[in-house]
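J.: Coordinates for the following, if possible.
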Amino acid sequence: MTTDAFPPVIAAQINYLLSHSPLSIKIDQMWAGCKYSGLLDRFSLLIPFCLDFIKWDVIYNAQCPLAAPDVIFGPEDENFHPFCVTGDEGDFKLSKNSLSDWNSKDPSGLLTLIHELRDLYLSYQKKRIGEVDDDRLKFEISTIVSREGIEMYMSSGVEKPEEVKFSVPLLDMDINKMVFGCNWRHQQKIYLQVIFPVGRKYVSAPSAPRLKLVSSPELKVLFPIEDVKLPPWLDGMCMAEYLPNLEETLERQILDAVSLIDVRRHFIEALAPVFGRPLEADPVFCRKVTFLAASGVFTCLVHFFLPTQFPKQQPVLMLQSSQHFNSQGAPIKSHLLTEYPWSPRWEPSQMAERILEFLVDECLNFKKFCNEAQL
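T.: This next block holds a predicted model:
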């Protein structure tokens with residue numbers, strides 16, 4: 001979303017927040033407090049929290065853009081008073097915070113405010129959950145309190161049961177540095193989401209919590225987290241017992257995924273003597289490569305899409321004509337091709353030769369398809 005319709009001072013703070021925050025904060029909505037001013041001055045932020053998003057409204061005043069903004073929290077957080085502290089006599093006082101000495105000329109002001117509020121919100125949620133009368137939750141929290149980066153959130157509603165969600169960061173390893181040449185903007189992380197129902201009565205054999213692995217979206221190109229099979233949660237188990245085995249499995253699988261980059265690279269190198277110099281290739285993860293092929297006067301592009309589990313899983317091929325276009329002006333492409341001779345035990349050079357043999361006939365079929373598509 002563009003911020004051009006905001007006063008310049010406010011726009012500078014929004015842009016700084018979106019471009020410099022280590023969190024993937026997004027703007028959900030933007031609107032004007034006064035419809036006659038012609039300027040926007042308020043917006044909703046979606047802020048990552050506990051593997052979900054919390055939505056806060058930020059309210060500026062376009063008539064007084066130098067003034068500090070107000071922040072409105074969600075309706076379920078009416079008891080969240082971040083800058084209030086209880087005095088000696090039980091009265092509320094305002095604590096010193098980033099709004100106390102607001103400097104509108106500092107573009108980082110909004111970022112500092114949102115991050116400060118988010119930290120206080122995490123403390124609020126921890127305090128709220130710590131007050132729940134549930135022995136199992138109290139025990140779970142006591143066993144993982146020393147782990148860094150854990151977030152927790154209690155959800156409740158009239159029509160849904162109370163639940164406590166934990167976001168547990170896994171693996172003390174820098175995945176970004178393991179992939180040479182990658183330009184990931186954010187640090188790649190893997191989390192385990194653990195959801196416990198709030199039970200206010202003693203249960204001798206409590207059920208297993210709901211478990212889900214979550215990763216940074218960019219990590220999918222190297223290591224699709226949805227392909228990981230979680231180990232079982234045994235009866236009587238707690239998070240402190242479950243996490244080491246899971247982390248050991250994940251670390252081994254990530255190291256394997258990184259090593260497979262070189263396997264895919266060797267395959268792409270083996271394609272070059274057979275198909276010629278590639279037109280383009282993915283030099284970092286080696287997931288894609290494109291060659292130019294010719295059959296008589298017919299020329300087409302051959303796209304190779306290599307799965308993360310290559311060579312166990314074979315590449316997906318697609319042909320794209322350089323001479324035929326559909327009614328919208330886009331090049332005509334084949335359907336995805338996977339039915340061709342393949343064995344993961346072949347040497348890369350043999351894989352390349354067998355694919356070439358398959359494409360000799362397939363290119364003729366594709367040429368016929370392109371000609372018929374334009375009749």
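
J.: where in the stretch 101-250 of the chain is pLDDT low?
T.: 157-159, 200-205 (pLDDT under 70).

J.: hmm, 80 instead?
T.: Within the stretch 101-250 of the chain, the stretches with pLDDT under 80 are 156-161, 185, 199-206.

J.: how about the strands in it?
T.: According to DSSP state E, counting those that start in this stretch, the stretch 101-250 of the chain carries its strands in the segments 151-155, 163-170, 190-197, 210-215.

J.: Quick one: list the elements packing against the third one.
T.: Okay, so that is strand 190-197. helix 135-144, strand 163-170, strand 210-215, helix 239-275 (3 or more C-beta pairs under 8 Å, 6 or more residues apart in numbering; DSSP states H and E). Every C-beta, even on glycine, is put in place using the N, C-alpha and C of the backbone.

J.: swap the cut-off to 6 Å and go again
T.: strand 163-170, strand 210-215 (3 or more C-beta pairs under 6 Å, 6 or more residues apart in numbering; DSSP states H and E).

J.: Pull out the buried residues from it.
T.: For strand 190-197, burial by neighbour count (16 or more other C-beta atoms under 10 Å) applies to Ile190, Tyr191, Leu192, Gln193, Val194, Phe196.

J.: now do stretch 209-220
T.: Within stretch 209-220, the residues that count as buried by 16+ other C-beta under 10 Å are Pro209, Leu211, Leu213, Val214, Ser215, Ser216, Leu219.

J.: and what of stretch 165-174?
T.: By neighbour count on 16+ other C-beta under 10 Å, the buried set for stretch 165-174 is Lys165, Phe166, Ser167, Val168, Leu170, Leu171.

J.: Show me the one of the helices and strands packed on strand 190-197 that comes nearest Ile54.
T.: Closest to Ile54 of the helices and strands packed on strand 190-197, according to C-beta to C-beta: strand 163-170, at 12.0 Å.

J.: can you count the residues close to Lys368?
T.: Number of residues near Lys368 (other C-beta atoms under 10 Å) recorded here: 11.

J.: Is it within a helix or a strand, and which one?
T.: helix 348-373 (DSSP states H and E).

J.: What residues sit buried inside that helix?
T.: For helix 348-373, burial by neighbour count (16+ other C-beta under 10 Å) applies to 348, 351-355, 358-359, 362-363, 366-367, 370.

J.: Just put the residues you listed in JSON lines and tack on distance to Leu40.
T.: Below are the buried residues of helix 348-373 laid out as JSON lines (distance: C-beta to C-beta, whole Å):
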{"residue": "Pro348", "distance to Leu40": "56"}
{"residue": "Met351", "distance to Leu40": "56"}
{"residue": "Ala352", "distance to Leu40": "56"}
{"residue": "Glu353", "distance to Leu40": "61"}
{"residue": "Arg354", "distance to Leu40": "59"}
{"residue": "Ile355", "distance to Leu40": "54"}
{"residue": "Phe358", "distance to Leu40": "56"}
{"residue": "Leu359", "distance to Leu40": "54"}
{"residue": "Glu362", "distance to Leu40": "54"}
{"residue": "Cys363", "distance to Leu40": "54"}
{"residue": "Phe366", "distance to Leu40": "51"}
{"residue": "Lys367", "distance to Leu40": "54"}
{"residue": "Cys370", "distance to Leu40": "49"}
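
J.: Among the residues you listed, give me the pair with the biggest separation.
T.: Once C-beta to C-beta is applied, the buried residues of helix 348-373 give Pro348 and Cys370 as the farthest pair, at 30.2 Å.

J.: coming back round to it: can you redo the strands of the stretch 101-250 of the chain as a markdown table with distance to Arg42?
T.: Formatted as a markdown table, those follow (distance: least, C-beta to C-beta, whole Å):
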| stretch | distance to Arg42 |
| --- | --- |
| strand 151-155 | 25 |
| strand 163-170 | 29 |
| strand 190-197 | 32 |
| strand 210-215 | 31 |
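
J.: Which one of these lies nearest to Pro75?
T.: Of all the strands of the stretch 101-250 of the chain, it is strand 151-155 that lies closest to Pro75, at 12.8 Å by C-beta to C-beta.

J.: okay, the angle between the closest one and strand 190-197?
T.: Put simply, strand 151-155 runs at 30 degrees to strand 190-197, going by axes from the mean of the first three to the mean of the last three C-alpha atoms, to 10 degrees.

J.: Quickly run through the sheet partners of strand 151-155, with directions.
T.: Sheet pairing of strand 151-155 (DSSP bridges) gives strand 163-170 (antiparallel).

J.: how far is the strand it pairs with from where the chain is centred?
T.: Put simply, strand 163-170 sits 16 Å off its chain's centre (C-alpha atoms, centre = their mean, to the nearest Å).

J.: Give me the number of neighbouring residues for Ala281.
T.: Neighbours of Ala281 under the rule other C-beta under 10 Å: 19.
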